[in-house]
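Asks: structure for the following, please:
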Amino acid sequence: MTELIIARHGETEWNVTEVFRGQIDLDLNETGIKQAELLAGCLSTSTIEAIYSSPLKRALKTAEIIARPHKLKVNVEPDLVDFNFGRWQGLSHHEVKEQYGELYAGWLHHPEQVQMPGGETLEDVRTRIIRFRNKVIESHRGTVVSVGHRVVNKVIICALLGLDNSHFWKIRQDTGGISIFSYQNGQYTLTRHNDTSFLKPLARTPVKDF
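Replies: As a prediction, this is how the structure comes out:
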């Protein structure tokens, strides 16, 4: 059996201020580092075979903190890089709503149909995520941690559940949260979803799904 732990990176300032990040490379903020440390503590007693991470700093730093207790090297995985929001990257939620009203409405109601201006579609993400999933299943029989981003993680969770990308907004994963799947006999089973219970010492309300 293979177990896949899908983790979202810790918080950045752009999560708090609701600025579209995409493939812009941002560091974790102070809260994000604490989230990563608490997540690492949660996973410290697990027997982890491998850790994969998006190449972006916010994910890679989270993965490196998780890896420390296990003395593992983080495998940088280009297919886990965040969704390319194109010209939305670096714009606030309100700026996008004002400048791209019709497209923004489409993103909220039919995300599977949206082509980001100068960026990707969710189907582009799904193609690379399935490639990553297949590599994990072919290479490992133990517990694997994947550290990625909101959009990418939503897409992989949909894919493993057999749902198409139209279900994107029915999935939530908070910063520092984890979802866990087991794989056996060709079947993926969701065993935990968006677990953030280990973040309780921070005593704060999670930011919005952004």
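Asks: pull the CA atoms of the strand ranked longest in the chain into CSV?
Replies: The longest strand of the chain (DSSP state E) is strand 187-195. Extracted in CSV, the C-alpha atoms of strand 187-195 (Å, rounded to 0.1, in the frame of the first residue of the first chain):
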residue,chain,number,x,y,z
GLN,A,187,-8.1,2.3,-5.6
TYR,A,188,-7.5,5.6,-4.0
THR,A,189,-9.3,6.1,-0.6
LEU,A,190,-9.5,9.5,1.2
THR,A,191,-8.7,8.8,4.9
ARG,A,192,-8.3,12.4,6.1
HIS,A,193,-9.1,15.8,4.6
ASN,A,194,-8.0,19.3,5.3
ASP,A,195,-6.8,18.3,8.7
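Asks: quick one: buried residues of that strand?
Replies: The neighbour-count check on strand 187-195 (16 or more other C-beta atoms under 10 Å) flags 188, 193-195 as buried. Every residue, glycine included, has its C-beta placed from N, CA and C.
Asks: point out where the chain drops to low pLDDT.
Replies: In the predicted model, the chain carries no residue with pLDDT under 70.
Asks: all strands for the protein, in order.
Replies: Here the chain has its strands, by DSSP E, at 2-8, 48-53, 74-76, 143-148, 178-184, 187-195.
Asks: neighbouring contacts of stretch 62-79?
Replies: Identification of contacts with stretch 62-79 by C-beta atoms under 8 Å, 6 or more residues apart in numbering yields 7, 9-10, 28, 32-33, 35-37, 39-40, 43-44, 48, 50-55, 60, 128-129, 131-132, 145-147, 176.
Asks: can you turn the buried part of those residues into a PyMOL selection?
Replies: Buried residues among the contacts of stretch 62-79 (16+ other C-beta under 10 Å), as a PyMOL selection:
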select buried, resi 7+9+10+28+32+33+35+36+37+39+40+43+48+50+51+52+53+54+60+128+129+132+145+146+147+176
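Asks: no more questions from me, cheers.
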